[in-house]
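Participant: Sequence and predicted structure are below.
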Amino acid sequence: MTDYHLEDIYQGGFSSLNPDSGFKGYRIPTYQLGIATDPRTANILQEVSTKLQTGAKQIEVSTIQPDVFESIPNEQLKEVKRLSELTGIDVSLHGIMVEPSGMTQQGFNELAREETERQMLSNVLRSHELSPKGNIPVTFHSSASIPGAEWKKEEGKEATKERIPIINQETGQVALVKTDIRYMPGMNEKELEKGQKKSAEEFIGIRNFTEWSDSIANLVQIKERADRMIRDTEPLVNEIRQKLQSGEVKREDLGPNEKDFLNRYGNAKIELDEIQRHLTASFERAYKYGEEKGNKKQLIQISEEFGKAIRPRVDENGRLRPISLSEQSRAIDQLMGKLDQITPPEVYKPLDDFAIEKTATTFGNVALKAYQKFHETAPIISIENPPAGGGLARAEDLKNLVEMSRKKFVEKAVEGGMPEKEAQTAAEKMLGVTWDVGHINMLRKFGFSEEDIIKESAKIAPLVKHVHLSDNFGFEHTELPMGMGNVPIQKIMEKLGQKGFEAMKVIEAGNWWQHFKTSPFQQSLETFGSPIYGMKMAPYWNQAVTTQGYFSGYGQMLPQINYETMGSGFSNLPAELGGQRQTAGRSRMSGSPME
């Protein structure tokens with residue numbers, strides 16, 4: 001009546017075991033899927049041996065906790081290498097979870113960045129023990145502790161940054177600016193009811209402008225007081241000095257009024273020098289943090305003009321004499337006026353922008369030192385996007401970070417004598433991206449759509465060297481096998497293209513391990529409809545009728561009770577039907593209808 005035939009349960013039949021079920025058109029071969037070890041243990045040999053039993057051809061040794069990594073003896077690394085040679089597996093390493101930018105709880109610290117760089121380099125150099133082939137990917141997060149911007153995405157609108165962590169580049173301290181409403185004098189009643197909305201980015205500019213203007217304006221009152229003292233005292237002080245120099249009078253012979261004039265003149269000198277020190281600090285700040293705003297040429301001219309203005313003069317006798325306070329005051333006036341007119345320097349900067357530069361220094365140095373030691377077999381430095389919401393978590397951040405890291409690699413390599421073309425080729429090989437599909441999916445909690453997440457993957461595709469596979473629902477950093485959340489994995493992998501196909505793809509499913517106590521490898525094979533055989537042909541894992549997975553077959557096709565009741569022949573039939581299965585008490589053919 002249903003036109004159903006027994007043979008339909010096998011591959012090729014018209015049934016729910018359709019070979020195109022699951023991720024139609026994109027199948028990942030079994031040999032391209034890897035699995036991560038438990039990061040909580042230093043016994044990596046046992047972990048790798050256990051993971052080999054799943055059938056995985058690629059295994060990632062997870063050493064995200066620095067103390068656990070330091071507990072792994074070199075002998076175990078060498079044993080894993082031997083095991084990989086015996087079994088033919090490929091090995092990668094998830095490096096330690098440290099903050100590569102040098103940011104600490106107390107703010108930025110260059111010493112902390114250098115210490116982290118040495119720690120990461122040790123991780124990379126020791127990873128070379130793991131593989132006989134070299135070139136293994138070593139993954140580090142782009143950031144481990146710095147906060148990221150808080151995004152807001154409304155349907156049909158561009159995403160905006162509602163809250164942005166910023167850093168004072170002078171002090172290294174972190175603060176926060178946010179999109180807010182401003183109420184300013186001059187607004188009418190209607191305007192005040194509504195207020196004026198300012199973005200977080202605009203508030204960064206406001207803060208830089210306000211602090212720069214205040215730093216100049218606060219000196220004006222002190223300068224005016226010093227100028228009054230100079231005007232009141234300088235003519236008489238010049239006369240007194242001439243008399244002292246000629247020997248006409250001695251200092252001890254000066255009267256109270258004359259001494260008072262000299263003291264007031266000296267105080268004016270002290271205040272002018274103090275103002276000049278403050279302006280020097282302001283000039284340094286402008287030169288150091290204002291280059292991006294195009295201040296550099298203007299500041300060079302200001303510096304040269306001020307240098308001429310305060311240079312000692314040659315008197316009529318050909319001798320150098322110091323400039324007078326009046327001349328110093330006029331030079332300071334010019335300096336103050338010109339500094340007040342320049343574009344305020346970016347002392348306050350988005351933390352992500354600041355962190356990219358410092359982090360790129362770390363990654364560029366680590367990659368270069370590894371290359372200098374191992375050359376063509378050096379481990380690959382692969383930079384991973386952390387969970388969305390953290391610092392440097394989006395595709396544009398990683399793209400900028402990798403490009404800057406490669407630039408710093410090339411600059412230092414060329415300084416060391418390497419030809420530029422060779423350095424560029426090495427940098428492109430040594431530095432790339434580990435794209436974690438679960439981490440980028442967490443953009444959903446800010447209102448991003450599936451299409452937005454797919455676009456992120458398209459942006460980063462050219463730089464991908466490694467892929468981490470974990471599923472979630474976009475809100476918490478959970479790690480489930482693919483297909484169990486809402487990560488649009490098929491479309492992501494299509495956007496990653498050839499780079500994604502060639503990359504090692506490692507299953508990270510820590511939450512699955514924690515709660516369900518089984519390997520996520522089978523579920524992943526079913527999700528991707530991986531071919532069962534190495535020829536990459538049917539049947540596929542999502543057609544395996546004897547398994548009881550979530551993504552394949554009918555579940556338990558032949559329950560154990562069937563065998564217990566019917567057997568494979570007739571021996572387990574009840575004795576009343578000619579079999580050998582005995583019943584206790586009454587016959588199976590007696591009793592009530594329910595029985």
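Facilitator: Nice, thanks for sending it over. Residues are numbered from 1 along each chain as shown.
Participant: Now Thr41: closest residue in space, sequence neighbours ignored.
Facilitator: Leaving aside its chain neighbours, Thr41 sits nearest to Glu47 (6.2 Å; criterion: Cβ to Cβ, 6 or more residues apart in numbering). Where C-beta positions appear, they are placed from N, C-alpha and C, glycine not excepted.
Participant: Helix, strand, or coil at the one you found?
Facilitator: Assigned state for Glu47: helix (three-state reduction, DSSP: H, G, I helix; E, B strand; the rest coil).
Participant: That one reaches Thr37, doesn't it?
Facilitator: Yes - in this structure, Glu47 is within contact of Thr37 by Cβ atoms under 8 Å, at 3.9 Å.
Participant: Ser101 - how many residues pack around it?
Facilitator: A count of neighbours around Ser101, defined by other Cβ atoms under 10 Å, yields 29.
Participant: ok, the nearest residue to Thr87 once chain neighbours are set aside - how many residues close by?
Facilitator: Excluding the flanking residues, the one nearest Thr87 by Cβ to Cβ, 6+ apart is Leu52, at 6.1 Å. The tally of other residues near Leu52 (other Cβ under 10 Å) stands at 17.
Participant: Name all residues that make contact with the residue nearest to Thr41.
Facilitator: Applying Cβ atoms under 8 Å, 6 or more residues apart in numbering, one finds that Glu47 lies in contact with 37-38, 41, 61.
Participant: Only whichever of these are buried, select them in PyMOL.
Facilitator: Written as a PyMOL command, the selection of buried residues from the contacts of Glu47, which uses 16 or more other Cβ atoms under 10 Å, is:
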select buried, resi 37+61
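Participant: which among the contacts of Glu47 gets closest to Ser71?
Facilitator: When those are compared for distance to Ser71 (Cβ to Cβ), Thr41 comes out closest, at 8.9 Å.
Participant: I figured that closest one was touching Gln65, is that so?
Facilitator: No - using Cβ under 8 Å, Thr41 is not in contact with Gln65, being 9.9 Å away.
Participant: Overlap in contacts, Glu47 and Thr37.
Facilitator: Between them, Glu47 and Thr37 share these contacting residues under Cβ under 8 Å, 6+ apart: Val61.
Participant: which helices and strands does the longest strand seen in the chain pack with?
Facilitator: What stands out as the longest strand in the chain, according to DSSP state E, is strand 160-168. Packing partners of strand 160-168 (3 or more Cβ pairs under 8 Å, 6 or more residues apart in numbering; DSSP states H and E): strand 150-152, strand 174-178, helix 200-246, strand 348-350, helix 351-374.
Participant: Between strand 174-178 and it, find me the angle.
Facilitator: In this structure, strand 160-168 runs at an angle of 150 degrees to strand 174-178, with axes from the mean of the first three to the mean of the last three Cα atoms, to 10 degrees as the basis.
Participant: and strand 160-168, how far from the chain's centre?
Facilitator: 15 Å (Cα atoms, centre = their mean, to the nearest Å).
Participant: Could I get the average pLDDT for that strand?
Facilitator: When pLDDT is averaged along strand 160-168, the result is 95.
Participant: List the buried residues of that strand.
Facilitator: Judged by neighbour count (16+ other Cβ under 10 Å), strand 160-168 contains these buried residues: 160-161, 163-168.
Participant: Just the closest of the residues you listed to Val314, please.
Facilitator: Using Cβ to Cβ, Asn168 is the member of those that lies nearest Val314, at 44.2 Å.
Participant: contacting residues around stretch 456-463?
Facilitator: In this structure, residues lying in contact with stretch 456-463 by Cβ under 8 Å, 6+ apart are 385, 394-396, 398-399, 402, 432-433, 435, 437, 440, 443, 491-492, 495-497, 499-500.
Participant: List only those of the residues you listed flagged as buried.
Facilitator: 385, 394-395, 398, 402, 432-433, 435, 437, 440, 443, 491-492, 495-496, 499-500.
Participant: Of these, which belong to helices?
Facilitator: The helices, defined by DSSP state H, take in 395, 398, 402, 437, 440, 491-492, 495-496, 499-500 from these.
Participant: Format those residues as CSV; extra columns: distance to Ser470 and pLDDT.
Facilitator: Converted to CSV, these look like this (distance: Cβ to Cβ, whole Å; pLDDT from 0 to 100):
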residue, distance to Ser470, pLDDT
Ala395, 17, 97
Leu398, 17, 97
Val402, 22, 98
Val437, 7, 97
Ile440, 11, 98
Lys491, 17, 93
Ile492, 12, 95
Lys495, 18, 95
Leu496, 15, 94
Lys499, 19, 89
Gly500, 15, 89
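Participant: Kindly reformat those as CSV containing distance to Ser324.
Facilitator: What follows is those, written out as CSV (distance: Cβ to Cβ, whole Å):
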residue, distance to Ser324
Ala395, 61
Leu398, 59
Val402, 57
Val437, 71
Ile440, 66
Lys491, 75
Ile492, 73
Lys495, 71
Leu496, 71
Lys499, 70
Gly500, 73
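Participant: re the thing from before, which ones among the contacts of Glu47 lie within strands?
Facilitator: Using DSSP E to define strands, the subset of the contacts of Glu47 located there is Val61.
Participant: so which of the contacts of Glu47 would you say is closest to Ile300?
Facilitator: When the contacts of Glu47 are compared for distance to Ile300 (Cβ to Cβ), Val61 wins out at 52.7 Å.
Participant: and Arg264, what does it touch?
Facilitator: Going by Cβ under 8 Å, 6+ apart, the list of residues near Arg264 reads 229, 232-233.
Participant: Are any of those buried, and if so which?
Facilitator: Neighbour counting by 16+ other Cβ under 10 Å classes 229, 233 among the contacts of Arg264 as buried.
Participant: For His375, state which of the contacts of Arg264 is nearest.
Facilitator: Closest approach between the contacts of Arg264 and His375, by Cβ to Cβ: Met229, at 69.5 Å.
Participant: How about the secondary structure of the closest residue in space to the closest one that isn't next to it in sequence?
Facilitator: If the residues on either side of it in the chain are set aside, Met229 comes closest to Ala268, at 3.9 Å by Cβ to Cβ, 6+ apart. Of the three states, Ala268 takes helix according to three-state DSSP.
Participant: so Ala268 touches Val237, yeah?
Facilitator: No - the pair formed by Ala268 and Val237 falls short of the contact definition of Cβ under 8 Å, at 9.5 Å.
Participant: between these two, which one's more packed in?
Facilitator: The residue with more neighbours, out of Ala268 and Val237, is Ala268; 24 against 20, by other Cβ under 10 Å.
Participant: Report the separation between Ser530 and Gln58.
Facilitator: Shown here: Ser530 relative to Gln58, a distance of 13 Å by Cβ to Cβ, to the nearest Å.
Participant: who's sitting farthest from the centroid in this structure?
Facilitator: Largest separation from the mean C-alpha position in the chain: Glu248, at 74.6 Å (Cα atoms, centre = their mean).
Participant: Just give the nearest non-adjacent residue to it, would you?
Facilitator: In space, Glu248 comes closest to Gln242 once its chain neighbours are excluded; the distance is 8.0 Å by Cβ to Cβ, 6+ apart.
Participant: what is the orientation angle of the longest strand of the chain with helix 351-374?
Facilitator: Taking the same axes, to 10 degrees, one finds that strand 160-168 is oriented at 70 degrees with respect to helix 351-374.
Participant: Map the structural domains onto the sequence of this structure.
Facilitator: Residue ranges for each domain of the chain read 23-147+350-513, 203-346, 558-595, as given by automatic domain parsing.
Participant: Met442 versus Asn486, what's the distance?
Facilitator: For Asn486, the distance to Met442 (Cβ to Cβ) stands at 11 Å.
Participant: which stretches of the stretch 451-595 of the chain form strands?
Facilitator: Remark: strands assigned in the stretch 451-595 of the chain by DSSP state E, counting those that start in this stretch are 464-469, 504-507.
Participant: With just CA atoms, put the shortest one into PDB.
Facilitator: What that stands for is strand 504-507. Output for strand 504-507, consisting of C-alpha atoms alone and laid out as PDB, is shown next (Å, rounded to 0.1, in the frame of the first residue of the first chain):
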ATOM      1  CA  MET A 504      42.900  21.200   9.300                       C
ATOM      2  CA  LYS A 505      39.400  21.200  10.900                       C
ATOM      3  CA  VAL A 506      39.400  20.400  14.700                       C
ATOM      4  CA  ILE A 507      36.300  19.500  16.600                       C
END
